[in-house]
Every structure is written in C-alpha cells, then in structure tokens.
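# Using only what follows, build the 3D model:
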Amino acid sequence: MAKFSTIRRLVVEDYPKEVRPWLNKMIYILNPFLEQVYTALVNGLTYKDNAKAKIIPLSIYLAETDKLIKWDLNEKPTAVFIGKIEVTDGTHPTNQITMTWLYTQADQLDIKFNGLDAAKEYRVTLIGQV
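Okay, here's the model as predicted:
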C-alpha cells in the first residue's frame, strides 16, 4: 500500500488569486474533513467508533459455559469473536479456549465456550460485528 502524503489541508495561497475568493469558502469546509480522513486512515480506525460492531464485556463464573446476550444493533451479526480473555485471579488461561455463537430469533446471541477451567472465573471481551 502506498503511503499517504504529509499534506493534510489545502492552503488558499497555493492557488491563483482569481479563484481564491470562492476557494476560500470551499477550503473552510473541506479542510476539517480532510484532516479527519487522514487521521482515521493513519492508525485512527477503531471497531468501537468506526465499524458497525459491539464490544461485549462478560464475566464467566465457575463452571459456566453458556451465555445469552442481548443483541441491540439493528442488523444481525456476521462475526462474533473473542477479543480478550483473562482469569480473574490474574493468571493467564493455560489451555485452548474456543467459542461458538448463534443468533437467535429473540435478538440474542447464544454463546458457548469450550475449554474453560470449571474452577476459575474469567473476564471476557467479545466483539460482535455486523
């Protein structure tokens, strides 16, 4: 992919004098947009602010493997994945943990986890994406 130019805004003095009066009005509107697009495309895009997605924090208690979660976006999800999982005692999970999900007719996600240690509690962050 090509690198972006370091020029983020238009400067009216870079153009001929005869077009500056109307160009100045256009640049006043265009420059903030150009700066936002530049910032977003140079490491500024996030799921939370820029994608139609939902970040879902969960607590999973002892021996719990199933969760029903309300899906409140106006479209069905196309992907739900684990963003982060940690044990509440500060240790890292030592085994492989997988998750499956199903979108129900009641606008809920039926989440099932495999590989959880029944003696531990977990904090999980899921990302659901349209």
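
# need the longest helix for the protein.
Counting residues, the longest helix found in the chain (DSSP state H) is helix 20-41.

# What residues sit buried inside it?
Within helix 20-41, the residues scored as buried using 16 or more other C-beta atoms under 10 Å are Leu23, Ile27, Tyr38. Backbone N, C-alpha and C define where each C-beta goes, glycine included.

# what's it packed up against?
Packing contacts for helix 20-41, counted by 3 or more C-beta pairs under 8 Å, 6 or more residues apart in numbering; DSSP states H and E, involve no helix or strand.

# Can you name the next helix or strand after that helix?
Tracing the chain C-terminally past helix 20-41 and defining elements by DSSP states H and E, one meets helix 47-50 next.

# can I get the CA coordinates of that following helix in CSV?
Only the C-alpha atoms of helix 47-50 are listed here, as CSV (Å, rounded to 0.1, in the frame of the first residue of the first chain):
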residue,chain,number,x,y,z
TYR,A,47,-14.1,-1.0,16.0
LYS,A,48,-15.9,0.9,18.6
ASP,A,49,-16.1,4.2,16.7
ASN,A,50,-15.8,3.3,13.1
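
# what's that helix in contact with?
Contact with helix 47-50 is made by Ala40, Ala53, Ile55, Ile127, Gln129, as judged by C-beta atoms under 8 Å, 6 or more residues apart in numbering.

# What is the nearest of those to Ser5?
Ala40 (15.2 Å; C-beta to C-beta).

# Ala53 versus the closest one, what's the distance?
If you measure Ala40 against Ala53 using C-beta to C-beta, to the nearest Å, the figure is 15 Å.

# Grab the most central residue of the protein for me.
The C-alpha lying nearest the average C-alpha coordinate of the chain belongs to Tyr47 (C-alpha atoms, centre = their mean; 1.3 Å).

# What separation do you get for that residue and Gln108?
The gap separating Tyr47 from Gln108 is 21 Å, by C-beta to C-beta.

# show me where this protein has strands.
Along the chain, counting by DSSP state E, strands occupy 53-60, 66-70, 79-87, 98-103, 108-114, 122-129.

# starting at the chain centroid, how far to stretch 17-30?
Relative to the centre of its chain, stretch 17-30 is centred 36 Å away, using C-alpha atoms, centre = their mean, to the nearest Å.
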